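A.B. asks: Generate a structure from the sequence data that follows.
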Amino acid sequence: MARIGFIGLGNMGGPMAVNLVKAGHAVLGFDLSAAAQEKARQGGVTPVDSMAAAVQEAEVVVSMLPAGRHVRDAYAGEGGILESVQGAALLIDCSTIDVDSARAVHEAAKAKGMEMLDAPVSGGVAGAEQGTLTFMVGGGEQGFEAARPYLEVMGKAAVHAGAAGNGQVAKACNNMVLGISMLAISEAFNLAEKQGLDPEKLFEISSQASGSCWAMLNHNPVPGIVETAASNRDYEPGFAAGMMLKDLRLAQDAAQRAGCSTPLGAEAAALYGIFCNSGYEGKDYSGIYRMIRGDWF
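C.D. replies: Predicted coordinates:
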C-alpha cells in the first residue's frame with residue numbers, strides 16, 4: 001500500500017481521501033480548514049499542519065483545489081509540493097482549473113523529473129463519497145497507468161484523454177454540454193406545461209425519443225419526476241450552480257484562447273451568471289429551471 005499526501009480536504013477531496021484510506025493506503029492530509037481536517041480525520045486520514053508535511057515522504061500526491069491560482073501556488077510556489085517532495089512522487093491534480101494553469105504545472109513538474117497528471121472529475125459530492133467518480137486524465141501514458149490503481153479506488157472510470165492539460169479540456173467540454181442541456185430541458189418542460197402538456201407525460205415521451213439525454217434522465221429539474229433529482233429537495237446540490245458557472249467560464253476561456261466559436265456555451269455562461277448573481281449560486285444547477293419559468297425561489 002502507498003503513502004499518499006492529499007492536499008485539499010473539502011466536500012470533494014475529503015471523501016476521496018477517505019476512500020483511499022478504506023483501500024488500505026496511508027493518507028496524510030492537509031487543508032486550510034480545521035473543520036475539513038477534523039472530518040477527514042474521522043474517516044481515517046492523518047491530518048498534518050502543513051502541505052510540506054503531507055507530501056515530504058509521499059509516493060503519490062493527490063490535490064483537489066478550487067482554482068488555477070491555488071494549484072499553481074500549491075505545486076510551484078515557494079515551499080510548495082515540488083520543493084517539498086523527497087523523491088519522485090506521482091502527482092495527480094484532480095482540481096477543475098484552466099488549461100493553461102494545468103499545462104504550466106505539468107511543465108514545472110517535468111523540470112523536477114516528476115510524473116504529473118491533470119485528472120478533473122465528474123460525479124459531484126455523491127460520486128466522491130460513493131467512489132463512483134469519472135476521471136478525465138491528461139498526461140503521459142506511463143503516469144496514467146501508474147495512477148490507475150488509485151483512481152479506480154476513488155471512481156468508477158478513468159479515461160486517458162491524452163497529453164498534459166487534456167483532462168481539463170475534456171472536463172470543460174463535458175460540462176458545457178451539461179449546462180446547455182439543462183437549459184434546453186428547462187425551456188422544453190416549461191413550454192410543455194404552459195401549453196397544457198403534463199411534465200410527467202413529456203418525460204415519458206422524451207425519455208424514449210430523440211430528446212432523451214443524461215441530464216433529463218438523472219437531474220430532471222421538474223419536481224416529482226426523477227426521485228433522486230435535486231428538484232425534489234428544493235434544489236439543494238448536487239452540483240451547485242456556482243460550480244457550473246465556474247466550468248462554463250473555463251470552457252469560454254479555453255474557447256477564446258483557441259479562437260473557437262461556442263455561442264451556445266457563451267449564452268449558457270451568461271444565463272448561469274444571472275442565476276448565480278441573483279443569489280442562487282448555492283442551489284443545484286438544475287434550479288435554473290425556476291428562473292426560466294419566471295418562478296424564482
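
A.B. asks: top helix in this structure by residue count?
C.D. replies: As assigned by DSSP state H, the longest helix anywhere in the chain is helix 166-194.

A.B. asks: how much distance is there from the helix or strand just after it to the middle of the chain?
C.D. replies: Towards the C-terminus, the helix or strand next in line after helix 166-194, according to DSSP states H and E, is helix 199-206. Helix 199-206 has its C-alpha centroid displaced from the chain centroid by 30 Å (CA atoms, centre = their mean, to the nearest Å).

A.B. asks: cool, and stretch 68-87?
C.D. replies: 21 Å.

A.B. asks: what does it contact?
C.D. replies: Outside of stretch 68-87, the residues that reach it under the criterion CB atoms under 8 Å, 6 or more residues apart in numbering are 5, 7, 51-52, 55-59, 61, 63, 65, 91, 93, 95, 97-98, 100-102, 104-105, 108-109, 112, 114. For the C-beta atoms, the positions are set from N, CA and C on the backbone; glycine is no exception.

A.B. asks: residues in contact with Asp12?
C.D. replies: Asp isn't right for residue 12; it's Met. 64, 94, 121, 125, 128.

A.B. asks: how about those, which pair is most distant?
C.D. replies: The distance between the two most remote of the contacts of Met12 (CB to CB) is 13.4 Å, for Cys94 and Val125.

A.B. asks: before we move on, back to that, quick one: mark the members of the contacts of stretch 68-87 that sit in strands.
C.D. replies: When DSSP state E defines the strands, the subset of the contacts of stretch 68-87 inside them is 5, 7, 61, 63, 91, 93.

A.B. asks: so what's the last one closest to, chain neighbours aside?
C.D. replies: For Asp93, the nearest residue in space outside its immediate sequence neighbours is Ser63; the separation is 4.9 Å by CB to CB, 6 or more residues apart in numbering.

A.B. asks: Surely that neighbour touches Ile97?
C.D. replies: No. With contact defined as CB atoms under 8 Å, Ser63 and Ile97 do not form a contacting pair (10.3 Å).

A.B. asks: quick one: secondary structure of the nearest residue to Ser261 once chain neighbours are set aside?
C.D. replies: With sequence-adjacent residues excluded and distances taken as CB to CB, 6+ apart, Ser261 is closest to Ala255, at 7.4 Å. Three-state call for Ala255 (DSSP: H, G, I helix; E, B strand; the rest coil): helix.

A.B. asks: Just the pLDDT at Ala255, thanks.
C.D. replies: With respect to pLDDT, Ala255 scores 97.

A.B. asks: got it, and Ile205?
C.D. replies: Per-residue pLDDT puts Ile205 at 98.

A.B. asks: list the contacts for it?
C.D. replies: Contacts for Ile205 (CB under 8 Å, 6+ apart) come out as Gly211.

A.B. asks: how near is it to Asn190?
C.D. replies: Ile205 is 16 Å from Asn190, where distance means CB to CB, to the nearest Å.

A.B. asks: Give the burial count for Gly238, as a bare number.
C.D. replies: 21 (other CB atoms under 10 Å).

A.B. asks: right, I mislabeled it, should have said Gly211
C.D. replies: Per other CB under 10 Å, the neighbour tally for Gly211 reads 14.

A.B. asks: Not counting sequence-adjacent ones, nearest residue to it?
C.D. replies: In space, Gly211 is closest to Ala188, 7.0 Å off (CB to CB, 6+ apart).

A.B. asks: Was I right to think the residue nearest to Ser261 contacts Thr262?
C.D. replies: Yes. Between Ala255 and Thr262 there is a contact under CB under 8 Å: 4.5 Å.

A.B. asks: about what we covered before: show me which of Cys94 and Val125 is the more surrounded one.
C.D. replies: Neighbour comparison, Cys94 and Val125: the larger count goes to Cys94, with 27 against 16 (by other CB under 10 Å).

A.B. asks: residues contacting the more buried one?
C.D. replies: Here Cys94 is in contact with 12-13, 16, 62-64, 119-121, 135 (criterion: CB under 8 Å, 6+ apart).

A.B. asks: Please report phi then psi for it.
C.D. replies: When read as degrees, to the nearest 10, the backbone of Cys94 gives phi -100, psi 10.

A.B. asks: what's the pLDDT at it?
C.D. replies: pLDDT, read off for Cys94, is 98.

A.B. asks: returning to what we had before: in terms of pLDDT, where does the residue nearest to Gly211 sit?
C.D. replies: Per-residue confidence at Ala188 stands at 98 (pLDDT).

A.B. asks: which residues touch it?
C.D. replies: Taking CB under 8 Å, 6+ apart, we find Ala188 in contact with 202, 206, 211.
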